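Enquirer: Got a sequence here, can you model it:
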Amino acid sequence: MGALCDDVLSFPSNYSFASSQDLRFSKHVHDNVHGSIYLDPIFLKFIDTEQFQRLRDLKQLGMAHMVYPGAVHSRFEHSLGVYWLAGEAVHKLKTQQGNELGIDRFDMQTVKLAGLLHDIGHGPYSHLFEREFLPKVLNASEWSHEQMSVEMVDHIVDEHHIDIDTETMKKVKEMILASSKYATTKSSREKRFLYDIVANGRNGIDVDKFDYIIRDCRACGLGCNFQFQRLMESMRVMGDEICYRAKDYLTIHKLFATRADLYRTVYTHAKVKFCNEYAVPKDKLENFKNITAQDIVCSQKNGGMALREEDVVVEVISEAFENFQLKTYGIKAQVHATPEKKKRRM
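Expert: Got it, this is the predicted structure:
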């Protein structure tokens, strides 16, 4: 996306958001899940950075596309989707209970920014990097993509001289960490419910899941009867927590049931796990022994060539498939041909 915004990004209490609410001043993109998404000009300051643009090269499901060819969607589009849903959620609460809850435009923009940046700290191969690669290379690694997202946000602000007030940055980072072990306790005076919209550490119902469940099911060609729109329409704040109608319990059940199905049929599929195992050859692990997770992510965000998606050794993965078939079914068939093997068959 081109750099379309030269205004200063700052959210003081007296800041006017009139321009960001007028769609004439927003950038329009069409998303295959949510349809039309409007990007407020102030957020393009972050989107137009190389750190955010690198998310285009990070597949949402890592190596799952080797089994589900359609699963090539990226962290970039997921981040835009969460940005949009976060905005829709807080707008709905403001419309229904704005005066009661004291939701202002500052709150709305802060939640949307947290949704936009919540995954910006992911490393190569997404969760594969965090759960499979790092434990092999860095023993007892405490690295998490949530913590790295917070560090990346600070880096973007410093690197690109984005003028944003300290209080906004503090809240955005706390919202990103809300469902992690780094979450901080909030009081009702701090509008605690706002911290449950992007990453809900209390009950797990958040717009991050709304987006990736629908997006992953569609990309993998799986059916999905979970309708997040019903929950978005009925959500209300009681006390300091976002609540839903009792009669929506089936919709909430479908949310977690669909997520469980995705884990069972996609994320932990036997062949996907084989791909994860062989994504980085064991004989190359020594090359990463003397670096940190931050080194890899920071190198990539600056355009470096460290551990990019195309570094996957397809030949090794293909052989893993063949060995798996031989062990399981007693047959050995070429499942995913590499370019070299295709040439030999021609």
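
Enquirer: so who does residue 52 touch?
Expert: 46, 76, 79, 117, 120, 156 (C-beta atoms under 8 Å, 6 or more residues apart in numbering). Heads up, the C-betas are built off the backbone N, CA and C, glycines and all.

Enquirer: Look at the second one and give its secondary structure.
Expert: Okay, so that is residue 76. Assigned by DSSP: H, G, I helix; E, B strand; the rest coil, the conformation of residue 76 is helix.

Enquirer: Was I right to think it contacts residue 56?
Expert: Yes - the criterion here is C-beta atoms under 8 Å, and residue 76 meets it with residue 56 at 4.4 Å.

Enquirer: Filter the contacts of residue 52 down to the buried ones and express that as a ChimeraX selection.
Expert: Filtering these down to the buried ones (16 or more other C-beta atoms under 10 Å) takes a single ChimeraX command:
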select :46,76,79,117,120,156
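
Enquirer: Can you give me the buried ones in the helix or strand that contains residue 262?
Expert: If you go by DSSP states H and E, residue 262 is part of helix 249-262. In terms of neighbour count (16+ other C-beta under 10 Å), helix 249-262 has its buried residues at 251-252, 254-255, 258-259, 261-262.

Enquirer: mind putting these in TSV, distance to residue 241 and pLDDT included?
Expert: Formatted as TSV, the buried residues of helix 249-262 follow (distance: C-beta to C-beta, whole Å; pLDDT from 0 to 100):
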residue	distance to residue 241	pLDDT
251	18	96
252	14	96
254	21	96
255	17	97
258	23	97
259	21	96
261	27	96
262	26	97
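
Enquirer: domains for this structure, by residue range?
Expert: According to automatic domain parsing, the chain comprises the domains 18-309, 313-346.

Enquirer: Do a quick rundown of the helices in the stretch 101-250 of the chain.
Expert: For the stretch 101-250 of the chain, the helices defined by DSSP state H, counting those that start in this stretch cover 105-117, 127-128, 134-137, 145-159, 166-176, 207-220, 228-234, 249-262.

Enquirer: by contact count, what packs against the longest one?
Expert: Pointing back at helix 145-159 there. Under the contact criterion of 3 or more C-beta pairs under 8 Å, 6 or more residues apart in numbering; DSSP states H and E, helix 145-159 touches helix 50-53, helix 105-117, helix 166-176, helix 293-301.

Enquirer: returning to what we had before: columns distance to residue 72 on top of the buried residues of helix 249-262, output as a markdown table?
Expert: Listed next are the buried residues of helix 249-262 as a markdown table, based on distance: C-beta to C-beta, whole Å:
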| residue | distance to residue 72 |
| --- | --- |
| 251 | 29 |
| 252 | 30 |
| 254 | 26 |
| 255 | 24 |
| 258 | 21 |
| 259 | 21 |
| 261 | 20 |
| 262 | 16 |
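
Enquirer: This completes my enquiry, with thanks.
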